[in-house]
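Enquirer: Next one to model:
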Amino acid sequence: MWNIRYICLHLCSLPRRFVSNSRANISILFALISFGLVIGTGAGIDLARAYLAKQKLVEAATLACQYASRPSIIDTSTASYSGSNGGTAYVTAVDNFITSTLQSQHFQYTQTNNTPFSYTQNGPGTVTLNAVVPTAFMQIIGVKKMPVSATSHCYDTPSSPAQVAAGSIVLSEGFENTACAGTCYVWYNTSGGIGTQSSPVNTFTSTVAYTGSTGTQWYIMGYCLEVDSVNQILSSVPQGTHSAELDCDNGQGNAGNSSISTKAYLAAGNYELRYNFAARIDYVDYDPVYICGSASSDLSWASDTNATAGKKTNVSRTNQINTYLDLNTNGVPPTHTTIDGTQTLGGSNLIDMCVYSGGWIQRSVRIKVTTAGYYWLSFAADGTNDSFGGQIDNIMLCTGSCTGSVQDNFPSSWLSANNGGSNKVLFEDNFESPTYTGNALTYTNNTANMNNSYGTSGASSGWPNQTASGWTTAPYNEMEYEVPGTLKAGQTSGAGQGAQNITLDMYTSPSDNRVISRPFLLDPGYYQVNYDYISDVTFASLASPQCTAAPNATSAAAYAVSGSALGNIRLYPSNYYTLNKDTNTVGVFMSHALMASTPVGGGALGSQTSYNNPDGTVTTTPTVSPYAVTLSNYTTSGINPLIDICGYASTWQTRTTYVVITKPAYYWLTFAALGTADDVGGSIDDVKLTALGSLYMNSPPSNAVTIPVPSPQPSAIINYTGFFIVADPLEPPASPQ
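Expert: Below is the predicted model of the structure:
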């Protein structure tokens, strides 16, 4: 505060000194009066400048107190800033606000208090600002400057951040705030402007680049955020009339990976994040599945490049969207590096990822916050950086669980009416093609072997758009077809259906027992496997049939038969041989492609089969066999579970077994001869794979075998700083406890 008494003493003493001189004349008196008027007017101007400066300090101090009292800022000294640096970061944040506020007010003087904000942890906080205003007119009387100050008391005890009511939406975004009307798109760049930028921004900028219609503020890194209307990219959106793409455009149409981040306060408790995702670019080898997961390792296999991206070819993961949640630690979101290593985008703790979907799907992530504070929610494009990317919409972060049911993402085309029911046969191979002719004799030495047995789907993973491929045969690329032809006297059966079937115990060397396998790209849900089975050797001493689905240690051991007996050959009923009674044993397995050695198809007829092993090696002997089992000591916890087994049946049996898939992936279905290799054994025919429904289906089969998957295991807890998530829950979303 300037000193009024000091100013008056100087102004008032001058006329007294002039008046006291008895020799003063009228001119001197007039000059004295004029001088006084000038000084008085100038002092008024100086005083007004000082008053204005003080008012700006008062405003700045008041605003700084409001800023310092915000829950998000108070939280920097407690939850978000841990350790001894918390208080320093809090003070710095408020001091920086004071500096920026004075600059925005065009305050032309220097704020001189070195500690403008002071506070006691969990105690009072105060802002004190000082400045010196230089004078113009009052320097004549020796007053060269006037000190001004302002003090604002912020709080006696800082308020805790506001709690959000249970069941409330903490934040939402539908990208409905857009600068274009009709069928159109808009690019919002990192500076908050509209339009593309040629180079990515790999550091965080404090400029709010996009504000949604609900007020959610997003910060952009990379190139830009593209907001698209219905029919601009996709023919529909799940909410409103717009969606967003994060592989935006750099102006040349060859790059655009970007991220958006927003900050919200989360009290300790349960939350659910929901958002919708859709692929822009079609991958025909994936249709109609969705490929999403809780961890990057879940989707490491998804590297297909058979995409339809305009003139672009050989693009991998161009639709990928990653979701991140991070505790605020320094006022900016933590970052990650894109797959190609070229960009730094917002987000560090990956909580969800989507690579592909055949249409709009809804993702649900269950979160439990253990440390209250402000958190950054980020979405980022990844994969091929080519300005073609996945679409997101209808983002909701809710306390507890969001209202309404989560969309069931199981492919709807797999549940269309089929054979009078709601389940659809995804794949069937009755081994009628390639076709052989004969009379009960087997055919092996022909290039038209199992590699060309495509089945009705015409594709290696069961989907009709894929390039046709057949079964892979091991340990050698050769398989024996049985063509019963006209039944001979005493024959009990020909093929299981049609004119021919296959036998898994080769009549010729090398190696008698055979294995056939093929992959299927499956989404989480329930599936049914059917096939026909019969024994090539009949034993009078064995009861028929001897088969079991979903075997456990007890039932599997029942097929570890020992000893030998006289048996006759089914297709040659007059032929009798003394054979081991386990010769007909056939096992059916299903394996996650990343957990088992998978056979490499093709090669010359009769050539040895190689395996891609989980450790990345390629060997002719699998390191993790997809069909290895010890029946006398069987355990269901093996990584390649036995889903069905038949040890003996004198007539054709139609077998049915069920599996549960818990993560999107390629799964290998394997039929293996498990008995003694002696040129005769079990035969199979008419293999089918049927989709039953999602993990949420009503009345699922009770004896389904859950196929093991890599970690993190479904419903496992994944811990991060300040919170944890539930990985790939097996039940509809509910609050984690």
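
Enquirer: mind listing what the residue nearest to residue 503 when sequence neighbours are not counted touches?
Expert: Nearest residue to residue 503, sequence neighbours excluded (C-beta to C-beta, 6 or more residues apart in numbering): residue 683, at 4.4 Å. (C-beta placed from N, C-alpha, C; glycine too.) Contact analysis of residue 683 by C-beta atoms under 8 Å, 6 or more residues apart in numbering lists 482, 496, 501-504, 533-536.

Enquirer: per the record, what domains does the chain have?
Expert: 4-155, 169-409, 427-521+545-650+664-685 (automatic domain parsing).

Enquirer: Now do the residue lying closest to residue 723 once chain neighbours are set aside, the pLDDT please.
Expert: Nearest non-adjacent residue to residue 723, counting by C-beta to C-beta, 6+ apart: residue 369, 4.6 Å away. Note on residue 369: pLDDT of 96.

Enquirer: Please look at residue 369 and residue 720 and confirm they touch.
Expert: No: counting by C-beta atoms under 8 Å, residue 369 does not reach residue 720; the two are 10.1 Å apart.

Enquirer: returning to that earlier point: looking at the domains of the chain, which is nearest to residue 715?
Expert: Of all the domains of the chain, it is domain 169-409 that lies closest to residue 715, at 9.5 Å by C-beta to C-beta.

Enquirer: Am I right that residue 91 falls within a helix?
Expert: Yes: counting by DSSP: H, G, I helix; E, B strand; the rest coil, residue 91 is found in a helix.

Enquirer: burial measure for it, as a count.
Expert: Residue 91 has 19 neighbouring residues, counting by other C-beta atoms under 10 Å.

Enquirer: do you know how far it is from residue 115?
Expert: Relative to residue 115, residue 91 is positioned 8 Å away (C-beta to C-beta, to the nearest Å).

Enquirer: residues in contact with the spatially closest residue to residue 138 that is not a sequence neighbour?
Expert: Excluding its sequence neighbours, the residue lying closest to residue 138 (C-beta to C-beta, 6+ apart) is residue 46, at 4.8 Å. Residues in contact with residue 46 (C-beta under 8 Å, 6+ apart) are 133, 135-138, 143, 146.

Enquirer: Among those residues, name the ones in strands.
Expert: Among the contacts of residue 46, the members found in strands (DSSP state E) are 133, 146.

Enquirer: ok, of the contacts of residue 46, which come out buried?
Expert: 133, 135, 137-138, 143, 146 (16 or more other C-beta atoms under 10 Å).

Enquirer: Point out the least confident member of those residues, please.
Expert: residue 137 (66).

Enquirer: May I have the beta-bridge partners of the residue nearest to residue 503?
Expert: residue 503, residue 534 (DSSP bridges).

Enquirer: so where do the helices sit in this structure?
Expert: 4-19, 26-68, 71-74, 85-104, 553-557 (DSSP state H).

Enquirer: Work out which residue lies at the spatial centre of this protein.
Expert: residue 353 (1.3 Å; C-alpha atoms, centre = their mean).

Enquirer: would you list the contacts of residue 46 in a markdown table and tack on distance to residue 183?
Expert: Shown next, in a markdown table, are the contacts of residue 46 (distance: C-beta to C-beta, whole Å):
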| residue | distance to residue 183 |
| --- | --- |
| 133 | 59 |
| 135 | 65 |
| 136 | 63 |
| 137 | 66 |
| 138 | 68 |
| 143 | 69 |
| 146 | 63 |
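
Enquirer: from the contacts of residue 46, which single one is nearest residue 323?
Expert: residue 133 (52.9 Å).

Enquirer: didn't the closest one look like it was pressed against residue 55?
Expert: No: in this structure, residue 133 is not within contact of residue 55 by C-beta under 8 Å, at 11.8 Å.

Enquirer: any weak-confidence spans in the stretch 401-550 of the chain?
Expert: The stretch 401-550 of the chain contains residues with pLDDT under 70 at 416-422, 438-448, 457-466, 485-493, 509-511.

Enquirer: So which residues of it form strands?
Expert: Applying DSSP state E, counting those that start in this stretch to the stretch 401-550 of the chain gives strands spanning 424-429, 442-443, 472-474, 480-482, 501-503, 515-522, 525-535, 537-539, 546-549.

Enquirer: In JSON lines, list the ones you listed along with mean neighbour count.
Expert: Below are these laid out as JSON lines (neighbours: other C-beta atoms under 10 Å):
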{"stretch": "strand 424-429", "mean neighbour count": "20"}
{"stretch": "strand 442-443", "mean neighbour count": "18"}
{"stretch": "strand 472-474", "mean neighbour count": "26"}
{"stretch": "strand 480-482", "mean neighbour count": "25"}
{"stretch": "strand 501-503", "mean neighbour count": "25"}
{"stretch": "strand 515-522", "mean neighbour count": "24"}
{"stretch": "strand 525-535", "mean neighbour count": "23"}
{"stretch": "strand 537-539", "mean neighbour count": "22"}
{"stretch": "strand 546-549", "mean neighbour count": "19"}
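
Enquirer: so where is the stretch 151-300 of the chain shaky, pLDDT-wise?
Expert: Short version for the stretch 151-300 of the chain, where the test is pLDDT under 70: 159-167.

Enquirer: Now with 80, please.
Expert: 156-167 (pLDDT under 80).

Enquirer: how deep is the nearest residue to residue 677 once chain neighbours are set aside tucked in, by neighbour count?
Expert: Leaving out its chain neighbours, the residue that sits closest to residue 677 by C-beta to C-beta, 6+ apart is residue 512, at 3.5 Å. The tally of other residues near residue 512 (other C-beta under 10 Å) stands at 20.

Enquirer: Verify the stated contact: residue 236 with residue 360.
Expert: Yes: the pair residue 236 / residue 360 is scored as a contact, 7.0 Å apart, by C-beta under 8 Å.

Enquirer: Which one's more surrounded, these two?
Expert: residue 360 (21 against 11).

Enquirer: Please list all residues in contact with residue 99.
Expert: Per C-beta under 8 Å, 6+ apart, neighbours of residue 99: residue 111.

Enquirer: ok, now with 10 Å
Expert: Applying C-beta atoms under 10 Å, 6 or more residues apart in numbering to residue 99 gives the contacts 60, 64, 107, 111, 116.

Enquirer: ok, now residue 536?
Expert: Residue 536 touches 482, 503-505, 507, 567-572, 579, 583-584, 679-683, counting by C-beta under 10 Å, 6+ apart.

Enquirer: what do you get for residue 64?
Expert: Residue 64 neighbours (C-beta under 10 Å, 6+ apart): 94-95, 97-99, 101-102, 116-117, 125-127, 129, 150, 152, 154.

Enquirer: Any of these buried? List them.
Expert: Buried, going by 16+ other C-beta under 10 Å: 94-95, 97-98, 101-102, 116-117, 125-127, 129, 150, 152, 154, out of these.

Enquirer: can I get the domains of the chain in TSV with distance to residue 725?
Expert: Output for those, formatted as TSV (distance: least, C-beta to C-beta, whole Å):
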stretch	distance to residue 725
domain 4-155	19
domain 169-409	5
domain 427-521+545-650+664-685	18
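
Enquirer: out of those, nearest to residue 730?
Expert: domain 169-409 (11.7 Å).

Enquirer: now do the same end-to-end measure for that closest one.
Expert: Start-to-end span of domain 169-409 (C-alpha to C-alpha, to the nearest Å) is 23 Å.

Enquirer: Run the chain-centre distance for that domain.
Expert: Chain-centre distance of domain 169-409: 10 Å, with C-alpha atoms, centre = their mean, to the nearest Å.

Enquirer: distance of residue 265 from residue 206?
Expert: Counting by C-beta to C-beta, the gap from residue 265 to residue 206 is 18 Å.

Enquirer: cool, residue 620 as well?
Expert: 59 Å.

Enquirer: and what of residue 398?
Expert: Counting by C-beta to C-beta, the gap from residue 398 to residue 206 is 27 Å.

Enquirer: Which one's more surrounded, these two?
Expert: For residue 398 and residue 206, the more surrounded residue by other C-beta under 10 Å is residue 398, and the numbers stand at 23 against 7.

Enquirer: Please name the residues that touch residue 517.
Expert: 450, 471-474, 589-591, 596, 598-599, 601, 609, 626-627, 668-672.
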